[in-house]
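K.L.:
Build me a model from this:
(one chain, ligands or ions: 1)
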Amino acid sequence: MEYFLQLYNLALSTSIVFVLFISWRVAFRCWISPARAYQKLKRNGFRGPSPTFPLGNLMDMKNAIKDESCSVNSNDKSSNIITHDIHSTVFPHFARWQKSHGKVFMYWLGTEPFLYIAEPEFLKQMSSGVMGKSWGKPRVFKNDREPMFGNGLVMTEGDEWVRHRHLITPAFSPANLKGMASLMVESANKMLEKWTALVNSGIPEIDIEREIVSTAGEIIAKTSFGINHEDGKKVFEKLRAMQVALFKTNRFVGMPFNQFIAPRKSMEAKRLGKEIDELLMSIINDRKAGVVANNQKDLLGLLLEGNSGNGRTGKSLTTRELVDECKTFFFGGHETTALALSWTLLLLAIHPEWQDQLRDEIKQVVGDNKEIDATMLAGLKKMGWVMNEILRLYSPAPNVQRQALEDMKVYDMVIPKGTNMWIDVVSMNHDPTLWGEDVNQFKPERFQEDALFGGCKHKMGFLPFGFGGRMCIGRNLTMMEYKIVLTLILSKFSFSISPSYRHSPSFLLSLRPSQGLPLLVKPLLEGQ
Ligand code: HEM
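P.N.:
Here you go, the predicted structure:
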């Protein structure tokens, strides 16, 4: 009896110690540590909306978004005015906070401090002299993004990032990308045949965003790892399913222990991630072993070629790393490009005069050629202005994120190591002090004289592809795909806006038309 009593007491005291330990950990993680960091940032001169831990400013953000969507919905019933002045719709919380705290301030995503920046000069001061390898990516997003990107280029940091970037960069050279044009033409033509069939069967209204996202997904899968092989097709389908699963789990980022909030979806994403990894592994191993010839000019083929002959860094990517890069290209590359194209078609539907101008340019530069080569793409100048103007007004990547891997000094303030940064691209792209009073008008010609910055008063004010050493590696691929797909579309169809279109740009990882993008599509007559 005595023995059992002792055992009971021991179990009880162990449980009490365990509960106390867990409570301490929770209290430390949710309140003590963030409160200390908050005080430190305050001492360093950073101000912003007051947080309450453990949620930080999440509730304020949620409420601002809710208020905004209510006001959009009530306006929606009476009218559907399309305004390009979208900052307060896309980031209502930041627009509100800017009014009281300016263009640089601190806010809290749960227990994680974020430095908000919409001021190009501050960004310039902050980043001057900082090497690509000294920037991290916010750790708080890593858990959610791991199934998508693994340890691919988007996620790596420090010397590992340098190694990956060196090994991958050559695959994206214009000379290597040339071979991918035919893959893009093939997928775009398949989409256009479907549109022709739809229009011929009496359905002139097409959800452009859905169509283009699907085509761009096919293009990026073909250009990344090939989908002619059965396993490639399966990877493509599973990657898309994973995207849906992840999309539903991404809402509680920053809140401690958020991984336990939507466990079913997280588990599903993890399961799909494992299956995708296995399929990609087998594709890579088959190519390495020569079971399937590695003569495909896709990015994986180019990376494998680079791996065998590379002497530049003395290192190569492992099979595991190649798997992660294939996933990274897929997730980093298809929605962004698809959204740039989708927003373009909306703006061209509103501005038929620009449809005509681009068609004239296509006739002059491409003519009746079936193949579109690099020289023709470079000759499509006006199309380049239109692309830049879309990336400005509706940037598919509406923010750039970073994390300070070491203390950083800006003016007389120190940004402590570990601080996350949220650079608000939408705000800078719609700032009249940078672009002038016509900032919210669609004017592609602003890029005529200044093809890179469109006359923006500050060179860090236009960052559609990010900045510094970590700038988007896929931008040449995107430009090529954008021009090829748009050329083919404009050569076959004209567009006008559908009465059912509701203008609702929203931040859903990228900047999307949250209620779809229905347009009325009309085949061009011979000679048009
Ligand atoms: C309109 C299309 C695109 C936009 C707007 C875009 C935008 C961006 C932005 C803003 C960044 C972050 C840069 C930074 O932190 O400074 C980035 C990085 C990256 N993008 Fe893109 N991107 C596009 C297309 C693509 C494509 C087609 C691919 C690949 C096939 C791609 C792959 C990547 C990768 C791997 C990174 C990480 C680079 C690094 O950290 O070194 N992107 N992109």
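
K.L.:
Please make it C-alpha for all contacts and neighbour counts, starting now.
P.N.:
Fine.

K.L.:
what is the mean pLDDT for the helix or strand hosting residue 221?
P.N.:
Assessed by DSSP states H and E, residue 221 sits inside helix 208-224. In this model, helix 208-224 carries a mean pLDDT of 92.

K.L.:
Point out where this protein drops to low pLDDT.
P.N.:
1, 72-80, 228-230, 247-264, 291-296, 308-314, 527-528 (pLDDT under 70).

K.L.:
Near the ligand, which residues of it are found?
P.N.:
Contact residues, the chain versus the ligand (Cα under 6 Å from any ligand atom): 153-154, 165, 328-329, 332-333, 336-337, 340, 396-397, 400, 464-467, 470-475, 477-478.

K.L.:
could you flag which of those are buried?
P.N.:
With burial judged by 16 or more other Cα atoms under 10 Å, the buried subset of the residues of the chain next to the ligand is 153-154, 165, 328-329, 332-333, 336-337, 340, 396-397, 400, 464-467, 470, 473-474, 477-478.

K.L.:
quick one: the helix holding residue 221 to chain centroid distance?
P.N.:
For helix 208-224, the separation from the chain centroid amounts to 15 Å (computed by Cα atoms, centre = their mean, to the nearest Å).

K.L.:
just to revisit the earlier point, show me the residues of the chain next to the ligand that map onto helices.
P.N.:
165, 328-329, 332-333, 336-337, 340, 475, 477-478 (DSSP state H).

K.L.:
Pipe the residues you listed into TSV and attach distance to residue 418 per row.
P.N.:
Shown next, in TSV, are these (distance: Cα to Cα, whole Å):
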residue	distance to residue 418
165	23
328	24
329	27
332	24
333	28
336	28
337	31
340	32
475	29
477	33
478	32
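
K.L.:
farthest pair in those residues?
P.N.:
Greatest spacing in those, by Cα to Cα: 165 and 340 (24.6 Å).

K.L.:
ok, and the closest non-adjacent residue to residue 523?
P.N.:
residue 493 (4.4 Å; Cα to Cα, 6 or more residues apart in numbering).

K.L.:
give the contact list for that neighbour.
P.N.:
521-524 (Cα atoms under 8 Å, 6 or more residues apart in numbering).

K.L.:
Which one of the residues you listed sits in the busiest neighbourhood?
P.N.:
When neighbours are counted by other Cα atoms under 10 Å, residue 521 leads the contacts of residue 493 with 24 neighbours.

K.L.:
Which elements pack onto the strand or helix carrying it?
P.N.:
Assessed by DSSP H and E, residue 521 sits inside strand 518-523. Judged by 3 or more Cα pairs under 8 Å, 6 or more residues apart in numbering; DSSP states H and E, strand 518-523 is in contact with helix 181-200, strand 205-207, helix 208-224, strand 493-497.

K.L.:
just how off-centre is stretch 438-458 within its chain?
P.N.:
For stretch 438-458, the distance to the chain centre is 23 Å (Cα atoms, centre = their mean).

K.L.:
and residue 113, that's in a helix?
P.N.:
No. Under DSSP: H, G, I helix; E, B strand; the rest coil, residue 113 sits outside any helix and is assigned strand.

K.L.:
My guess is it contacts residue 105. True?
P.N.:
No. Residue 113 is beyond contact range of residue 105, at 10.5 Å (criterion: Cα atoms under 8 Å).

K.L.:
which residue sits closest to the most centrally placed residue in the chain, ignoring its sequence neighbours?
P.N.:
In the chain, the centroid-proximal residue (Cα atoms, centre = their mean) is residue 397; its distance is 4.6 Å. Taking Cα to Cα, 6+ apart, and ignoring the residues beside it in sequence, residue 397 has residue 510 as its nearest neighbour in space, at 5.5 Å.

K.L.:
ditto for residue 390
P.N.:
Distances taken as Cα to Cα, 6+ apart put residue 344 closest to residue 390, at 6.1 Å, once the chain neighbours are dropped.

K.L.:
Could you report the neighbour count for that neighbour?
P.N.:
20.

K.L.:
A strand includes it, no?
P.N.:
No. Using three-state DSSP, the assignment for residue 344 is helix, not a strand.

K.L.:
List the residues that contact it.
P.N.:
386-387, 390 are the contacts of residue 344 under Cα under 8 Å, 6+ apart.

K.L.:
Ok, residue 186 next?
P.N.:
Residue 186 neighbours (Cα under 8 Å, 6+ apart): none.

K.L.:
One more pass at 10 Å, please.
P.N.:
219, 485 (Cα atoms under 10 Å, 6 or more residues apart in numbering).

K.L.:
Residue 442 too?
P.N.:
Applying Cα under 10 Å, 6+ apart, the residues near residue 442 are 84, 347-348, 350-351, 386, 389-390, 392-393.

K.L.:
give me that answer again for 6 Å
P.N.:
Shown in contact with residue 442 (Cα atoms under 6 Å, 6 or more residues apart in numbering): no residues.

K.L.:
Provide the backbone phi and psi angles at it.
P.N.:
Backbone torsions of residue 442, given as degrees, to the nearest 10, read phi -80, psi 100.

K.L.:
before we move on, back to that, among the contacts of residue 344, which one sits closest to residue 58?
P.N.:
residue 390 (30.0 Å).
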